[in-house]
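**Student:** let me see the structure of the following:
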Amino acid sequence: MSTDASPVSSPCIKVCLIDEETGLCEGCGRTRAEIATWGRMPEAERRAVMAGLERRMRVAFLGEDAAAAPAENAPAEGEAG
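**Tutor:** Have a look, this model is predicted:
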């Protein structure tokens with residue numbers, strides 16, 4: 001029997017606490033639905049979710065304006081685009 005399973009990408013840092021106001025995990029920034037379906041998501045979908053988690057958490061927990069927060073995958077200030 002083959003065990004070709006590669007590890008599942010995950011942003012989990014083992015700080016699992018759902019914020020009641022935002023509905024996001026305070027450790028990784030995922031929603032309950034994302035956490036529940038994570039293992040069944042295709043890798044590309046998991047990576048797409050992970051790409052937006054930093055911004056999602058800055059907006060939800062640091063009070064940054066969503067419009068002012070840099071978009072995911074945008075070059076950082078001073079970097080070539």
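
**Student:** what about the residue most central in space within the chain, is that helix, strand or coil?
**Tutor:** The centroid of the chain falls nearest to Leu53 when counting by Cα atoms, centre = their mean (3.0 Å). On the three-state scheme (DSSP: H, G, I helix; E, B strand; the rest coil), Leu53 is labelled helix.

**Student:** quick one: contacts for it?
**Tutor:** Contact partners of Leu53, counting by Cβ atoms under 8 Å, 6 or more residues apart in numbering, are Pro11, Cys28, Gly29, Arg30. (Each C-beta comes from the backbone N, C-alpha and C, glycine too.)

**Student:** for the residues you listed, which one is nearest Ala44?
**Tutor:** Pro11 (15.1 Å; Cβ to Cβ).

**Student:** state the distance from the closest residue to that closest one other than its chain neighbours to Pro7.
**Tutor:** Leaving aside its chain neighbours, Pro11 sits nearest to Cys28 (4.2 Å; criterion: Cβ to Cβ, 6 or more residues apart in numbering). When Cβ to Cβ, to the nearest Å is applied, the distance between Cys28 and Pro7 equals 16 Å.

**Student:** look at the two and report which has more neighbours.
**Tutor:** Higher neighbour count among Cys28 and Pro7: Cys28, with 21 against 5, using other Cβ atoms under 10 Å.

**Student:** quick one: the helices in the protein?
**Tutor:** 32-37, 43-62 (DSSP state H).

**Student:** pull out the buried positions in stretch 14-26.
**Tutor:** Judged by neighbour count using 16 or more other Cβ atoms under 10 Å, the buried positions of stretch 14-26 are Leu24, Cys25.
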